[in-house]
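Novice: Just need the structure, nothing else, for what follows:
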Amino acid sequence: VLIIGGGIAGPALALALKRSGHDIELFDRVEPPSPVAGSDWRPADIGGAILVNENVLRVFKHLGVLDEIMAAGTQVVRHELARFDGRPFATFQTFDGPEFVTTGVLRSAITRAINKALNNAGVLMKANKKLAWIDQPTDGRLGVVAHFEDGSKAYGDILVGADGVNSTTRAILFPDVLPKRSQYSGYFAVSPLNGAPSPKAFRVLMDNASGNVAFIMPSGDNLIHWGLFESRPEANENDSWELSGNLTIERDRMLSIAGKWDLPTDFRELVEKTSRVIRVNFSGMPPLPTWHKHNCVLIGDASHALLPFIGQGAGMSLEDAVTLQIILDRYPQQPTTAFRLLYELRAGRVAKVAAMSEVLGQRGTGTSQATAALGNFILKMFSYVARLFHISFFNDEVVRYDCCEATAKFLASKNPK
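Specialist: Next up, the predicted model:
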């Protein structure tokens, strides 16, 4: 199995397939940090932090990296929704079970754990391999050849494109499909706590009339992950995650935004303490009628990039990886059948989560202050009901999902004994 993409989905799939006995090769277009040299992993270099819910933690357990990732993060026990001045108007408890606890963790910690496990399994990512084109038969036979820009080739039975929203694999397979640009752009950053106790809440500061959002999330290792999203109706550039080249200018701009939005003092202090900032422009993906073409398939953001407002983009990618591994275990010599079943099982769930994220992102944008205040009041009332009936902020159907169990039941329904 040839896997293109060294972010999260590609290495997760490589690890899952290796653990189940498949031969794999993993390629990425850049040189990744060494997974055994902790000093090489600077927190903001690899996307800040991620809030991982039960559905994602179950994937980590399947991959054998749950304990390491949990130890690197910070438990999050509630979500707080607040106005820009910091006054909360709704609070939702996570209501986690004893085994899987909602956790804020650096993306670099997740990437390090997965890549260390890969190294221990004897798999080394092949870096600086930029995919140029793909050759594959069209008559149902196994086989694929990946051609790279440096002139090298790789041969395999199948190829999986896990190379993100700006996927080269997708551009080769489906050249007419382009990411859907959103109206949101902003900044992600990580700042030190300097010995202060880590908060246990994921705080979202919002102004529903403008659509602008800020957030603060504990992320382990005495660090806080924070961000600013601006709603800009004019078209953004293509989706990008770019390390800021001039920290002073960017920090001054963020402080100006924080002042204009009247954000609380503790948020401005985080901005002042940060040493690395990532500029982001967000894109989604229009629904695809299929994720595969012959012996090649797309997973993760390459096939269904989500906007960030529900915090499940990485989660959907990780679920894809494990689901594909389980299906390929059942159909190792029938990749087109496996790819068709992957789409049948996953496309509906991903579309539902994507729609929820888009609704959250668009909620209140451009409305009057009175309408925004009404929306806040409704959320506040719902938070009381949620606490009474142990309802979490995010739909339980999303965050309590077990992709291993769901895939097993799905395959059983296709092949009843």
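Novice: how about low-confidence regions in the stretch 1-150 of the chain?
Specialist: By pLDDT under 70, the weakly predicted segments of the stretch 1-150 of the chain are 31-47.
Novice: And the helices in it, which stretches?
Specialist: Here the stretch 1-150 of the chain has its helices, by DSSP state H, counting those that start in this stretch, at 9-19, 54-63, 66-72, 107-120.
Novice: Does anything pack onto the last one? Which helices or strands?
Specialist: Applying 3 or more CB pairs under 8 Å, 6 or more residues apart in numbering; DSSP states H and E, we find helix 107-120 packed against helix 9-19, strand 49-52, helix 54-63, helix 66-72. C-beta: built from backbone N, CA, C; applies to glycine.
Novice: Out of the ones you listed, the one nearest residue 184 is which?
Specialist: Closest to residue 184 of the helices and strands packed on helix 107-120, according to CB to CB: strand 49-52, at 17.7 Å.
Novice: State the phi and psi torsions of the closest residue to residue 134 other than its chain neighbours.
Specialist: Excluding the flanking residues, the one nearest residue 134 by CB to CB, 6 or more residues apart in numbering is residue 172, at 5.4 Å. Torsion angles at residue 172 (phi, psi; degrees, to the nearest 10) stand at phi -80, psi -40.
Novice: separation between residue 172 and residue 94?
Specialist: Separation of residue 172 from residue 94 (CB to CB, to the nearest Å) stands at 41 Å.
Novice: What's opposite the nearest residue to residue 247 once chain neighbours are set aside in the beta bridge?
Specialist: Nearest residue to residue 247, sequence neighbours excluded (CB to CB, 6+ apart): residue 277, at 6.3 Å. Beta bridges link residue 277 to residue 189, judged by DSSP bridges.
Novice: quick one: which of the helices and strands packed on helix 107-120 is nearest residue 191?
Specialist: strand 49-52 (11.1 Å).
Novice: give the contact list for the closest residue to residue 264 other than its chain neighbours.
Specialist: Among residues not flanking residue 264 along the chain, residue 86 sits closest, at 3.6 Å (CB to CB, 6+ apart). By CB atoms under 8 Å, 6 or more residues apart in numbering, residue 86 lies in contact with 205, 263-264, 266-267.
Novice: Please indicate which of the residues you listed are buried?
Specialist: By neighbour count, with 16 or more other CB atoms under 10 Å, these hold 205, 263-264, 267 as buried.
Novice: Please spell out which residues along stretch 112-125 are buried.
Specialist: 112-118, 123, 125.
Novice: what's the answer for stretch 159-178, then?
Specialist: 159-174, 177.
Novice: Between the helices and strands packed on helix 107-120, which one is closest to residue 308.
Specialist: Short answer: strand 49-52, nearest of those by CB to CB, at 10.0 Å.
Novice: Reformat the contacts of residue 86 as TSV; add secondary structure, pLDDT and distance to residue 408.
Specialist: Formatted as TSV, the contacts of residue 86 follow (DSSP: H, G, I helix; E, B strand; the rest coil; pLDDT from 0 to 100; distance: CB to CB, whole Å):
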residue	secondary structure	pLDDT	distance to residue 408
205	strand	89	41
263	coil	91	46
264	coil	90	47
266	helix	88	46
267	helix	91	44
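Novice: Go through those and say which is closest to residue 314.
Specialist: Distances from residue 314 to these, taken by CB to CB, are shortest for residue 205, at 22.6 Å.
Novice: and the nearest residue in space to that closest one that is not next to it in sequence, what does it touch?
Specialist: Among residues not flanking residue 205 along the chain, residue 214 sits closest, at 4.3 Å (CB to CB, 6+ apart). Residue 214 makes contacts with 84, 204-206, 226-229, 258, 261, 263, 267, as judged by CB under 8 Å, 6+ apart.
Novice: which one of the buried ones among the contacts of residue 86 is nearest residue 292?
Specialist: Ranked by distance to residue 292 (CB to CB), the buried ones among the contacts of residue 86 are led by residue 205 at 41.4 Å.
Novice: For beta bridges, what are the partners of that closest one?
Specialist: residue 82, residue 214.
Novice: Give me the distance between residue 288 and residue 136.
Specialist: Applying CB to CB to residue 288 and residue 136 gives a distance of 18 Å.
Novice: so who does residue 154 touch?
Specialist: By CB under 8 Å, 6+ apart, the contact list for residue 154 reads 2, 25, 27, 145-146, 148.
Novice: Of the contacts of residue 214, just say which sits nearest to residue 413.
Specialist: residue 204 (38.6 Å).
Novice: The closest one: how many residues sit nearby?
Specialist: Residue 204 has 19 neighbours, counted by other CB atoms under 10 Å.
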